[in-house]
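Enquirer: For reference, the sequence and a predicted model appear below.
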Amino acid sequence: MDLHNRLKLAAPAFSYVDGRLTAGGVDLAAIADAARGPAYVYALDAVLEGFNAFRTAFAGQPTRICYAMKANDSVAILKVLADAGAGVDVVSGGELALALAAGVPADRIVFSGVGKTDRELVEALEAGVMQVNVETAYELERLSALAVERGKRAAVALRVNPDVDAGTLDVISTGRATDKFGIAYDEAEAIYAKAATLPGIDLAGVAMHIGSQIADVAHCAAACAKLRALWERLAANGVRLRRFDIGGGLGIRYRDETPPSIQAYAETVKAAVAGLDCEVVLEPGRRIVGPTGALLAEVVSIKHAAGLRFVILNAAMNDLIRPALYKAWHEIVPLVDPGDAPWTPAEIVGPVCESTDKFAAARPLPPLKPGDKVAFLCAGAYGAVMASEYNGRPRAPEAVVRNGQWSFSRPPRQYDDLIREQSLPAWL
Ligand code: LLP
């Protein structure tokens, strides 16, 4: 399939204009030049479109869309989504602080996470979040006690493990009985009964999250059915809930996948909760931001060895770890339209001192020379947030584009930043 069609299908926010890759009306080379190193770029209009697609698809069903900010914690993205009415799903005190700072109202925040500390539970209580998704009986008792001490009641959903395979990569599955997440399905009723007796707990709902990059809504349907059965058994025993939180996980097209439409997903969920008096809570991350971002990089060097063409970039596994960690596939395209130039296999690597610092093997790419720039597409989710500064490489800056304007939302870091953040013990 030709380059332009591939872009249209996987990352429609990006296109060649006069032969140069653009997003939001901005020539991306300008951002790469200003960054003087690898840089992330996000198209804010596309983020909003993703959110609105969920909203439209779920129309007619009371729904709260809580964007899973673990996918991308850019405050510019959080602000755009919050302004459009989105809530946020957070998984740490740090994310909670960032969300509040970006202007997300606390009463639209879900606090998830398998191992919340007392400090984080107190932060959730003090902020007055919409809901804490509790993952163990022990956490439930701690939360109740901490709430009572503060004269509060915490709105809670129990995250139940429905024991359903999400049909995705083993390493990003979360809803099988053997995964570490959630309350065992068979124990859920007993823990709900216990929760109903705890003075600091306001039982608000059920929650689940079965995995990420889900490619088939049948898995969601199966998990929803189990949650609904639980909901109905609880109702029969006098436990009345009001929120049905189905987590996130809807997949995107990285290469040649055909992920379910948001519409099909919504129809599945609506059918699963039909007749229940509930607000559906969604926690989508990747589907909203994944296709809207790219990592820009520049060719540092080219070398030929063992019959292979090595393209050595200024971006590395510390900037985008998904290929090294999950063997994930990201489309790589040049910032200048190569026209009819022949595409031949290349090994795309970074400068980090690890053999795992490889983005792609035998990847067809047009001719490239030092100084040429490329973009990794679909890098808006789980890209910058998973970056590190391994090998003394300052975190890549992040830029946002809209209507022909761009700005760094996370400015480039300097070596001085790396130095300032450490301190020598006085006794050395
Ligand atoms: N809710 C909960 C409780 C989650 O654990 C997650 C993701 C989400 C929502 C959002 O899932 P999404 O809609 O983005 O699929 N680093 C991996 C993905 C890890 C996902 C972790 N949990 C990757 O790069 O593929």
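Expert: Sure, I can see it.

Enquirer: make it CA atoms for all contacts and neighbour counts henceforth
Expert: Fine.

Enquirer: Quick check: which element contains the spatially most central residue of the chain?
Expert: With the centre of the chain defined as its mean C-alpha position, the nearest residue by CA atoms, centre = their mean is residue 71, 2.0 Å away. If you go by DSSP states H and E, residue 71 is not part of any helix or strand.

Enquirer: Quick check: it touching residue 288?
Expert: No: counting by CA atoms under 8 Å, residue 71 stays clear of residue 288, with 9.1 Å between them.

Enquirer: and the residue nearest to the centre of the chain, what does it touch?
Expert: Contacts for residue 71 were tallied using CA atoms under 8 Å, 6 or more residues apart in numbering; they are 285, 286, 289, 290, 380, 381, 382, 383, 385.

Enquirer: so which of these are also by the ligand?
Expert: 285, 286, 382 (CA under 6 Å from any ligand atom).

Enquirer: Can you flag the buried ones in these?
Expert: Among the ones next to the ligand among the contacts of residue 71, those that count as buried by neighbour count (16 or more other CA atoms under 10 Å) are 285, 286, 382.

Enquirer: Now stretch 331-341: average pLDDT?
Expert: The average pLDDT for stretch 331-341 rounds to 97.

Enquirer: next one: that stretch to chain centre, how far?
Expert: Relative to its chain's centre, stretch 331-341 lies at 27 Å (CA atoms, centre = their mean, to the nearest Å).

Enquirer: Please identify the buried residues of that stretch?
Expert: 331, 332, 333, 334, 335, 336, 337, 338.

Enquirer: quick one on the thing from earlier: so which of the buried ones among the ones next to the ligand among the contacts of residue 71 belong to helices?
Expert: residue 286 (DSSP state H).

Enquirer: Okay, helices next: where are they in the chain?
Expert: Going by DSSP H, the chain shows helices at 3-10, 28-35, 44-57, 75-83, 93-101, 118-127, 137-149, 188-195, 217-236, 262-273, 286-289, 322-326, 415-420.

Enquirer: Tell me which stretches of the stretch 301-428 of the chain form strands.
Expert: 308-313, 332-334, 344-349, 358-365, 373-376, 398-402, 405-410 (DSSP state E, counting those that start in this stretch).

Enquirer: Counting neighbours, what do you get for residue 297?
Expert: 29 (other CA atoms under 10 Å).

Enquirer: Contact partners for it?
Expert: By CA under 8 Å, 6+ apart, the neighbours of residue 297 are 32, 37, 38, 39, 313, 314, 315, 373, 374, 375, 376.

Enquirer: change it to 10 Å
Expert: 29, 32-33, 35-40, 313-316, 332, 334-335, 350, 371-376 (CA atoms under 10 Å, 6 or more residues apart in numbering).

Enquirer: now swap in residue 57 and tell me
Expert: 261, 262, 263, 264, 265, 266, 267, 270.

Enquirer: what about stretch 400-415, start to end distance?
Expert: One end of stretch 400-415 to the other measures 23 Å (CA to CA, to the nearest Å).

Enquirer: let me redo that: stretch 416-428
Expert: Note: stretch 416-428 ends 21 Å apart using CA to CA.

Enquirer: do stretch 129-140 as well
Expert: Span of stretch 129-140 from end to end, CA to CA: 16 Å.

Enquirer: follow-up on the earlier one: name the nearest of the ones next to the ligand among the contacts of residue 71 relative to residue 13.
Expert: residue 286 (15.0 Å; CA to CA).

Enquirer: quick one: the closest one and residue 254 touch, right?
Expert: No: with contact defined as CA atoms under 10 Å, residue 286 does not reach residue 254; the gap is 11.1 Å.

Enquirer: Can you check which residues contact both of these two?
Expert: 213, 378, 379.

Enquirer: now, which of those residues sits nearest the ligand?
Expert: residue 213 (5.2 Å; CA to the nearest ligand atom).

Enquirer: Now residue 295. Nearest residue, chain neighbours left out?
Expert: Leaving aside its sequence neighbours, residue 295 sits nearest to residue 40 (CA to CA, 6 or more residues apart in numbering; 4.4 Å).
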